[in-house]
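**Q** no letters, just coordinates:
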């Protein structure tokens, strides 16, 4: 395996069925990954709250009314956001998908008049120290799948895990996609 190929930035990590607790049935977008570690955002954990209920800032109404997602268990008060538009030359996650943390940048994006912009906001994040994610992947705790803007922004979060498993293909993944989060529902 080449040095570059072991890093999964711009990929989705899916619970392979081995994870319990917070990460059970999660889909994580890996936003940054290097030898020093990895940073990701859980795409399918809605807090049930709107951004305006949780962030005390002068945000555009469009952002205030957006759902707030729980990006992970690390620093639950830290703000991160993913944004996309028709063309983002400085996209830092994958083509046309950027990651930001600064409130001023978020306000600028929210106030832009682009009809093609998309934004998702997160409290907290998922983080791994150097080698930790690679070790979890060797133990097959995570499955990988290429991320797309459609999966990040347009697939309903509550259906994302099953949808990606189904797209991944194979009878095991299709069976896994039908497994309820709480096995007592089976």
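**A** Happy to help now that I have it. Model, not experiment: these values are computed from the prediction.
**Q** now the closest residue to residue 149 other than its chain neighbours: phi and psi?
**A** The shortest distance from residue 149 to any non-neighbouring residue, by CB to CB, 6 or more residues apart in numbering, is to residue 84 (5.4 Å). Placement of C-beta: from N, CA and C, glycine included. Recorded main-chain torsions at residue 84 are phi -140, psi 160, according to degrees, to the nearest 10.
**Q** surely residue 84 is in contact with residue 94?
**A** No - under the criterion of CB atoms under 8 Å, residue 84 makes no contact with residue 94, lying 9.6 Å away.
**Q** coming back round to it: what residues are up against the residue nearest to residue 149?
**A** Contacts for residue 84 (CB atoms under 8 Å, 6 or more residues apart in numbering) come out as 96-98, 117-119, 149, 152-153.
**Q** hmm, 6 Å instead?
**A** Residue 84 makes contact with 96-97, 118, 149 under the criterion CB atoms under 6 Å, 6 or more residues apart in numbering.
**Q** repeat for residue 99
**A** Residue 99 makes contacts with 31, 92-93, as judged by CB under 6 Å, 6+ apart.
**Q** what separates it from residue 131, distance-wise?
**A** Distance, residue 99 to residue 131, using CB to CB, to the nearest Å: 22 Å.
**Q** give me the below-cutoff pLDDT ranges for this protein.
**A** Applying pLDDT under 70 to the chain flags the ranges 1-5, 180-186.
**Q** now with 50?
**A** Along the chain, segments meeting pLDDT under 50 span 1-4, 185-186.
**Q** so where's the longest helix in it?
**A** helix 157-168 (DSSP state H).
**Q** which elements pack onto that one?
**A** Judged by 3 or more CB pairs under 6 Å, 6 or more residues apart in numbering; DSSP states H and E, helix 157-168 is in contact with strand 27-34, helix 171-177.
**Q** show residues contacting the first one.
**A** Counting by CB under 6 Å, 6+ apart, strand 27-34 makes contact with 7-9, 11-14, 38-44, 93, 99, 126, 147, 160-161, 164, all of which sit outside it.
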